[in-house]
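Asks: Here is my input, please return the structure:
(2 chains)
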Amino acid sequence: MSEQNQYSIMRDVVLFTGLAMLVAFIFLSQGTVYSLRMMVEAGCYAIIALGLTIQWGYAGLFNVGVMGFIAAGAASSMLISFPQNPEFWNSAGPALVGIFIVKLIACGVALWAASKSPRWGVGPILRALLIVVAIAISYVVLSEHMDEMSKEIEQASGWIGGLGLPVIVGWLVAGVVAGVIAWFVGKICLGLRSDYLAIATLGIAQIIKHFLKNADWLTRGTLTVSPLPWPVQTPADGEFIMARASYLTVVAIAMVIIYLLLQRAYHAPWGRMMRAIRDNETAAASMGKDVNRRRLEIFVLGCVLMGFGGAILIHFASIYDPSGFIDLNHTFLVWVMVILGGSGNNRGAIFGAVFVYIVWVMSEPLALWLFSLIGTYGQAWTGWEPPSDLASRALQMRVFVIGLTITLVLRFAPQGVLPEQQARH
Amino acid sequence: MNEIVFFINKGITSGLIIGSIYALGAIGVTLIFGILRFAHFAHGDMMTLGAFVTLILTAALASLGIVLPLPLAFIAMFPAMAITACLAIGLDRVFYKPLRQAGARPVVLVMASVGVTLMLQGLIRLFAGVRSRDMFIEAPKEIFRIPFPGASRPLIITEPQVLLIVFTFVAVIVLHWFLTRSRLGKAMRAVSDNPELARITGINTNHVVWATWIIGGALACAAGTLLSMDVTLKPDLSFNILLPIFAATIVGGIGQPYGAIAGGFLVGFSETLAVFNWAILLRPIKDHLWFEVPANLALVPTQYKLMVPFLILIIVLIYRPTGIFKGRVL
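Replies: Here you go, the predicted model:
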């Protein structure tokens, strides 16, 4: 065991030293302001990747809806922490929203009562009928109210504005909202095979994005919201380095706390149980472990981290734009970070996040440069006329490379560069 | 009567069209799911790939000055189907087969297919750009206007729509014949039902895998081509069409080609009828109604069309995970 351990510690040391050298090189060559931005974003991605690595590495759950949870987290954090919109609070809007919430709760209770009706001696057919009726009535009531409310609010005040609470509260709520959505998705899909979870998360991510893009009354839709508040001094005063460095400190503290807690959980009985379920579900179930419940736990926990990390990421960009949530940047990039870094290894996720993000950011100018080179020389040597949208096509090269990396890593290095270290007793 | 014509044009015809597309896609997904046991996420981009192969062949035919009674794209689709089928086998050979042989878990194959879909997406957009293209290079598409008795407006159906419906019908019959009569088709059903038993009885699994990819790839190419003939060829199809196709597959029951067809039409019709404005049908009888007919009476606003397949998927997963045709729950 000790030999195995020493080897992997060496590997950790080598890889992280290399990463530190890469970061130092970036700082020297690209300037502090730019590099600080990159490091903050990489740190946010590291938090998101930690969320994904516990889902995939600890429990083997395949979540392709990371983007949806990031978007949900970012939107809720924006709503909590953005300054209040006085026009909204002086109009009939708050009353309408209040009534909507009351109706929502009433519908939820009715639905719950209908689904639990066998307790009061209702037969299965009547129960199904009750559920259908409850859903139909709730849908009509809620959608009618929603139409009216959104029209009213958009006319009176544009949108509902934020609550003006501290940013940290917003981030925590972001995690909670993402977790609640994950609970519903997980409750439905986790009893079935993992493919279903993949399909459902893919769907929920698209739907969250569509909703946020179209809900003008709630989030201003595609009009975007800015500037989002920061928990530290914003760079508005011109102190870019100071502001970004303090933001980086906040992100780093959050990341370290999350990392330590996850490490603790991994080595605790809870983590051992998770790995037991992942490695042999039947055996774990026969030992009396409630497989679906544990999976739901870890799925929700992972999505909480994604919502939290996503909120930090979007707050740093300081602009909330629902069209900016892209599957490629917010789902598949995170996947590459996790599987390249080593699934089931939290240090691997952090390493993967920082390394892949740096490569990702650097690849944009590289791809553009490469393709303009191809364009120029192609034209000079062979008379080939390069298409006018060469720049936008060049960026598609990165999509290809992301896909290629996923397939190559899966085939040749399924453990990643920092494999999971399983303690053997 | 004009209202009924409007309903047929906007509700029935478009439901039939989009349902056929979903059905063609879902047959491939369900066969791959049943025989190779993983959700093939690259199917949407395989459709786009097939459509692009057709576009290239059509352009080649058009530059030769060939004129045919049918649209050139439809003729070019058949060689394109063969090419896409070969490409599908190639993708399997390079990306999925090594993983299968290494005994990877099914979810790893799902991830590999996500990687493949990104690669295809990147390549297609790299070589073809991101703008949408018209499949009708040589001539504009023909539109049939059929007069409807008692109405001032005609029923409208376009040439590619007729071709799509006819093609789907023929494809379903041929597939049925293949699966129930031919040796290989029976072998495919056997592997889908019980792979261990099928292997013991001496069925060549390799041939079955090939047949799966040939059918899946060819039908994906057909679906992509016919869809882009009906509207335009857009390179960003993939994830938007994936969800309805998976919904159709699961509704129909995994590993059940007939279920996939039924599921495709179910999802297609639910989608179009959910966004259809029912107020139009009520307007002629509004004097006899006790309530005022609102201007818009669609069940789901058009921008939330994607909700419909997702809700169908959720309802099926909760109440009948086997699907209507009693497929497998993997």
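
Asks: element containing the single nearest residue of the stretch 251-400 of chain A relative to chain B, please.
Replies: Nearest residue of the stretch 251-400 of chain A to chain B (Cβ to the nearest Cβ) works out as A:Phe400 at 2.9 Å. From N, CA and C alone the C-beta is placed, and that goes for glycine too. In this assignment (DSSP states H and E), A:Phe400 forms part of helix A:390-412.

Asks: about what we covered before: these two touch, right, the residue of the stretch 251-400 of chain A closest to chain B and B:Ile124?
Replies: No. With contact defined as Cβ atoms under 8 Å, A:Phe400 does not reach B:Ile124; the gap is 9.5 Å.

Asks: Out of the two, name the residue with the larger neighbour count.
Replies: B:Ile124 (23 against 18; other Cβ atoms under 10 Å in any protein chain shown).

Asks: Spit out the contact partners of the more buried one.
Replies: Going by Cβ atoms under 8 Å, 6 or more residues apart in numbering or on different chains, B:Ile124 touches B:Asp45, B:Thr48, B:Leu49, B:Phe52, B:Pro235.

Asks: Tell me the confidence at A:Ser8?
Replies: Reported pLDDT at A:Ser8 in the predicted model: 69.

Asks: Could you pull up the contacting residues of A:Arg347?
Replies: Contact partners of A:Arg347, counting by Cβ under 8 Å, 6+ apart, are A:Asp12, A:Phe16, A:Tyr259, A:Gly341, A:Leu418.

Asks: What about those, which one has the most neighbours?
Replies: Ranking the contacts of A:Arg347 using other Cβ under 10 Å puts A:Gly341 first, with 28 neighbours.

Asks: ok, and the closest residue to that residue other than its chain neighbours, which helix or strand is that part of?
Replies: Take A:Gly341 and drop its neighbours on the chain: the residue closest to it by Cβ to Cβ, 6 or more residues apart in numbering or on different chains is A:Gly352, 2.3 Å away. A:Gly352 is part of helix A:346-382 when elements are defined by DSSP H and E.

Asks: now that helix, how far from the centre of its chain.
Replies: 24 Å (Cα atoms, centre = their mean, to the nearest Å).

Asks: Check stretch B:134-142 too.
Replies: Relative to the centre of its chain, stretch B:134-142 is centred 22 Å away, using Cα atoms, centre = their mean.

Asks: Pull it out as CSV, backbone CA atoms only.
Replies: What follows is stretch B:134-142, C-alpha atoms only, in CSV (Å, rounded to 0.1, in the frame of the first residue of the first chain):
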residue,chain,number,x,y,z
ASP,B,134,-31.4,25.1,-49.1
MET,B,135,-31.6,21.5,-50.3
PHE,B,136,-33.3,22.5,-53.6
ILE,B,137,-30.4,23.5,-55.7
GLU,B,138,-31.8,23.1,-59.2
ALA,B,139,-35.5,24.2,-58.8
PRO,B,140,-37.8,25.6,-56.1
LYS,B,141,-39.9,23.0,-54.3
GLU,B,142,-43.2,22.2,-55.7
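
Asks: Please report how far B:Arg181 lies from chain A.
Replies: 31 Å (Cβ to the nearest Cβ, to the nearest Å).

Asks: Give the burial count for that residue, as a bare number.
Replies: 9.

Asks: same deal with B:Gly19?
Replies: Neighbour tally, B:Gly19, other Cβ under 10 Å: 26.

Asks: which helices and strands does the lowest-mean-pLDDT helix or strand in chain A pack with?
Replies: Least confident element among the helices and strands of chain A, by mean pLDDT, DSSP states H and E: helix A:2-30 (a mean of 80). Applying 3 or more Cβ pairs under 8 Å, 6 or more residues apart in numbering or on different chains; DSSP states H and E, we find helix A:2-30 packed against helix A:32-53, helix A:346-382.

Asks: if I pick A:Trp89, what's in contact with it?
Replies: So A:Trp89 contacts A:Gly161 (Cβ under 8 Å, 6+ apart).

Asks: Look up how far A:Leu79 lies from it.
Replies: 14 Å (Cβ to Cβ, to the nearest Å).

Asks: Could you do A:Phe16 as well?
Replies: Taking Cβ to Cβ, one finds A:Phe16 at 38 Å from A:Leu79.

Asks: what do you get for A:Leu313?
Replies: Relative to A:Leu79, and taking Cβ to Cβ, A:Leu313 is found at 16 Å.
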